[in-house]
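Enquirer: Okay, predicted coordinates and the sequence, questions at the end:
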Amino acid sequence: MRIYRPDRSEDETRLLKQEIAAVAQSAGIGGRVCGARCTVKCSHCGSTACQCMCSVDCSEAPRALSVDPVRYPIEPAIAPLVFEMKRLGMFQPCWSCGGHTHPDGSLWKMPGLWFYCTSFVTLRLLADGLSNMNAAGRLHTPWRIAVTYSDPDNPETAFALEPLLSPDETPSLAALQDDVAQIARSLHAMVTDQARKLQRGTTRPLSAHF
């Protein structure tokens, strides 16, 4: 089967290029990453809306990032990734798990993060970045973006950021959690660098066939 590029109008091509450029230049969201649920007074400027002290290391983040902080605070192992996904401003985290083991220490539940995203090209940039991290040996196991389950009464499509394991692969929870931390630290640079790379590589019209 011949691989071809979809036909796009000039307006559609222009908007797609603008979308890629916006990602390439993104500095992330302004204000508190955790939003209005964060009421911590900044020790530097006295504000409760600044980002002076906003950090993945904030002890309040696991609670402030959750819509139900009393019953369901974000688990510490996944909290940095939830924080960085939200800070980037391109993804809306909606569910997460830090991973769990059986009593004998074997892996029971893998860490992972579900999120919403309205931009297909941003999903592509994230997936490309994860692939490059794995190829560079920076991850213990490959990670992927997948379409995942949504509630029957929710028409929105959710995506999963999760490990991609072969049937006979049994990584340790510690290794997977180390991957989570590595992805969180690299997320902003990874996505914006991929956007700039895509900009440089787009030398022909995006609607052209090959």
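Expert: That came in fine, so what should we check first? Residues are numbered from 1 along each chain as shown.
Enquirer: elements contacting the longest helix belonging to the chain?
Expert: In the chain, with assignment by DSSP state H, the single longest helix is helix 173-201. Packed against helix 173-201 by the contact rule (3 or more Cβ pairs under 8 Å, 6 or more residues apart in numbering; DSSP states H and E) you find helix 10-24, helix 79-88, helix 120-135, strand 158-163. For every residue, glycine as well, the C-beta is placed using N, CA and C.
Enquirer: In stretch 11-26, which residues are buried?
Expert: 13, 16, 20, 23-24, 26 (16 or more other Cβ atoms under 10 Å).
Enquirer: domains of the chain?
Expert: Structurally, the chain divides into domains by automatic domain parsing as follows: 29-66, 74-205.
Enquirer: Just send those domains back as CSV, with mean neighbour count too.
Expert: Converted to CSV, the domains of the chain look like this (neighbours: other Cβ atoms under 10 Å):
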stretch, mean neighbour count
domain 29-66, 15
domain 74-205, 16
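Enquirer: mind checking which of those is nearest Ile3?
Expert: domain 74-205 (14.4 Å; Cβ to Cβ).
Enquirer: thinking in terms of the whole chain, how far from its middle is the closest one?
Expert: Computed by Cα atoms, centre = their mean, to the nearest Å, the separation of domain 74-205 from the middle of its chain amounts to 5 Å.
Enquirer: Chain neighbours aside, what residue packs nearest to the spatially most central residue of the chain?
Expert: By Cα atoms, centre = their mean, the chain has its centre lying nearest to Met85, at 4.4 Å. The shortest distance from Met85 to any non-neighbouring residue, by Cβ to Cβ, 6 or more residues apart in numbering, is to Phe91 (4.6 Å).
Enquirer: ok, now which ones touch that neighbour?
Expert: 85, 115-117, 122, 126 (Cβ atoms under 8 Å, 6 or more residues apart in numbering).
Enquirer: Return the distance of the helix or strand of the chain with the lowest mean pLDDT from the chain's centre.
Expert: None of the helices or strands of the chain scores lower by mean pLDDT, DSSP states H and E than helix 61-64, at a mean of 89. In terms of Cα atoms, centre = their mean, the centre of helix 61-64 is found 17 Å from the chain centre.
Enquirer: Now do it: everything it contacts.
Expert: 33-35, 37-38, 55, 58, 69, 73-76, 79, 83.
Enquirer: can you list the weak-confidence ranges in this protein?
Expert: 1, 202-210 (pLDDT under 70).
Enquirer: Quick check: Gln25 vs Val147, distance?
Expert: 28 Å (Cβ to Cβ, to the nearest Å).
Enquirer: How about Val56, nearest residue that isn't a chain neighbour?
Expert: Per Cβ to Cβ, 6+ apart, closest to Val56 is Pro80, 4.1 Å.
Enquirer: Please name the residues that touch that neighbour.
Expert: 56, 180-181, 184-185.
Enquirer: picking up where we left off before, these two touch, right, the residue nearest to the centre of the chain and Leu113?
Expert: Yes: using Cβ atoms under 8 Å, Met85 is in contact with Leu113, at 6.7 Å.
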